[in-house]
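In: Need the 3D shape of this:
(4 chains)
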Protein chains: 2
Amino acid sequence: MSAAPSRTTEAAASNLGASDQAAWNRVLTLHVFVERQLAQVLQRRHGVGLSEYRALAELSQSAAGEWRMQELADRIGLGQSSVTRLVARLDALGLARRDLCPDDKRGVYAVITDEGRQLHIAASATYAEALSSALNTAGADQGLARLVQAIRSAT
Amino acid sequence: MSAAPSRTTEAAASNLGASDQAAWNRVLTLHVFVERQLAQVLQRRHGVGLSEYRALAELSQSAAGEWRMQELADRIGLGQSSVTRLVARLDALGLARRDLCPDDKRGVYAVITDEGRQLHIAASATYAEALSSALNTAGADQGLARLVQAIRSAT
DNA sequence: GCTAGAATGTTGCACAAGCATGTACTTGAC
DNA sequence: GTCAAGTACATGCTTGTGCAACATTCTAGC
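Out: Residues are numbered from 1 along each chain as shown, chains lettered A, B, ... in the order given. Model prediction:
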């Protein structure tokens, strides 16, 4: 796999690479813009950060309102140690609590509280509204319009 | 703006809101995955972080190899203070230097050095390769395939 | 010219996130 | 039953980032 067969493969990969970079740069621009909007509005109106909100969202839509720490970490895209402290923050705010796993004494559940559910319901409306608003604003930008459209229509 | 006229508007916004959330969650998942891959590979192979790489990329593709601090901040999606320190890091590494603006004594240029250009060229290949690889991997995932396709085809 | 306000960067501070390590527990091989 | 390896989470440390406050310089209006 060095000479002829890789020739076209490498060329194709290289070409795709260039357009991938342009595409990804647009994603980055959009990501920064939208996340900043969301973070600001959540902080102002509900006093929580994006990670807190997303943790509450995952917990509240779980069947039992709880997840193992590791599972929660995977779901919100953070590392283990970050989630340990994130749940500690939620605990301090009364929005979630830590619960020991009975059948595996190493395990810990993060459990959403009633307060947490209430905050999530309220913040959820804010989040949805701000997200759509941010996407609309970004979609009005010349360079991002097609990307936003593509993201929205990618089921 | 409370009763009849807002009825359909709110309903439409609400519906769009729900699908926007699902769409944005996929973007977040993809973003975390790809950025982590890129950051790891750049750090391992070239000893720089993502922000450093992106700053070098912006500087190297500028006409004069330089940008005003604020302009650079906008281009890589960071705040002013972050860029102040980012450029200080690049300066310490010999990859960029700070230059005073002659006609506006408040202004500062971040200027890429030869070392910076060389590193960028090398890292650029790594970056392109890792990006395409990451997108391909993500594109093989059931839940992300359509999104990756959409992003790639959104010119 | 002068002064008020805007613009450009820098610095102090707080904080969230990652990495490496430590601790407790579980599992599997023998 | 015991020991080694692996899993699950917590903790110490470092770092990059944002916000707010600050100093300096530019720009307009008078």
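
In: make it CA atoms for all contacts and neighbour counts henceforth
Out: Will do.

In: Quick check: the gap between A:Gly49 and A:Val41.
Out: A:Gly49 sits 9 Å away from A:Val41, taking CA to CA, to the nearest Å as the criterion.

In: who's more crowded, these two?
Out: Neighbours per residue (other CA atoms under 10 Å in any protein chain shown) separate A:Gly49 from A:Val41, with A:Val41 holding more: 20 against 15.

In: Verify the contact between that one and A:Leu131 for me.
Out: No. Using CA atoms under 8 Å, A:Val41 is not in contact with A:Leu131, being 10.0 Å away.

In: which neighbours do these two share?
Out: Residues touching both A:Val41 and A:Leu131 by CA atoms under 8 Å, 6 or more residues apart in numbering or on different chains: none at all.

In: And the strands in chain A?
Out: Assigned strands in chain A, in chain order: A:66-68, A:96-100, A:108-112 (criterion: DSSP state E).

In: for the residue positioned nearest the centre of chain A, what are its contacts?
Out: Nearest residue to the geometric centre of chain A (CA atoms, centre = their mean): A:Ile76, 5.3 Å. Shown in contact with A:Ile76 (CA under 8 Å, 6+ apart): A:51, A:54-55, A:58.

In: and if you look at A:Arg98?
Out: A:87, A:91, A:108-111.

In: Adding neighbour count and pLDDT as columns, could you present these in a markdown table?
Out: Shown next, in a markdown table, are those (neighbours: other CA atoms under 10 Å in any protein chain shown; pLDDT from 0 to 100):
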| residue | neighbour count | pLDDT |
| --- | --- | --- |
| A:Val87 | 25 | 98 |
| A:Asp91 | 18 | 97 |
| A:Val108 | 18 | 97 |
| A:Tyr109 | 21 | 97 |
| A:Ala110 | 28 | 98 |
| A:Val111 | 25 | 97 |
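
In: Residue numbers of chain A in contact with DNA strand D?
Out: Residues of chain A found near DNA strand D (CA under 7 Å from any atom of the strand) are A:40, A:68-71, A:80-85, A:106-109.

In: and which of the residues you listed is nearest to A:Ala140?
Out: A:Gln40 (20.7 Å; CA to CA).

In: what separates A:Leu90 from A:Ala63, distance-wise?
Out: Applying CA to CA to A:Leu90 and A:Ala63 gives a distance of 19 Å.

In: More neighbours: which of these two?
Out: Each of A:Leu90 and A:Ala63 has its neighbours counted (other CA under 10 Å); A:Leu90 has more, 23 against 8.

In: Find the residue closest to the more buried one in space, skipping its chain neighbours.
Out: Nearest residue to A:Leu90, sequence neighbours excluded (CA to CA, 6 or more residues apart in numbering or on different chains): A:Ala96, at 5.3 Å.

In: A:Ala110: what's it in contact with?
Out: A:59, A:66-69, A:87, A:96-99.

In: Now list the buried members of those.
Out: Among these, those buried by neighbour count (16 or more other CA atoms under 10 Å in any protein chain shown) are A:59, A:66-69, A:87, A:96-98.

In: picking up where we left off before, only the buried subset of the residues of chain A next to DNA strand D, as a ChimeraX command please.
Out: Entered in ChimeraX, the line below selects the buried ones among the residues of chain A next to DNA strand D, by 16+ other CA under 10 Å:
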select /A:40,68,69,70,83,84,108,109
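
In: hmm, which two among the residues of chain A next to DNA strand D are most spread apart?
Out: Pairwise distances across the residues of chain A next to DNA strand D (CA to CA) peak at 36.3 Å, for the pair A:Gln40 and A:Arg106.

In: Going by distance to chain B, which of the contacts of A:Arg98 wins?
Out: A:Val87 (19.9 Å; CA to the nearest CA).

In: if I read this right, that closest one contacts A:Ala96, doesn't it?
Out: Yes. Using CA under 8 Å, A:Val87 makes contact with A:Ala96 at a distance of 7.0 Å.

In: low pLDDT regions in chain A?
Out: A:1-17 (pLDDT under 70).

In: swap the cut-off to 90 and go again
Out: Residue ranges of chain A with pLDDT under 90: A:1-19, A:154-155.

In: mind listing what A:Ser51 touches?
Out: Contacts of A:Ser51 (CA under 8 Å, 6+ apart): A:76, A:86.
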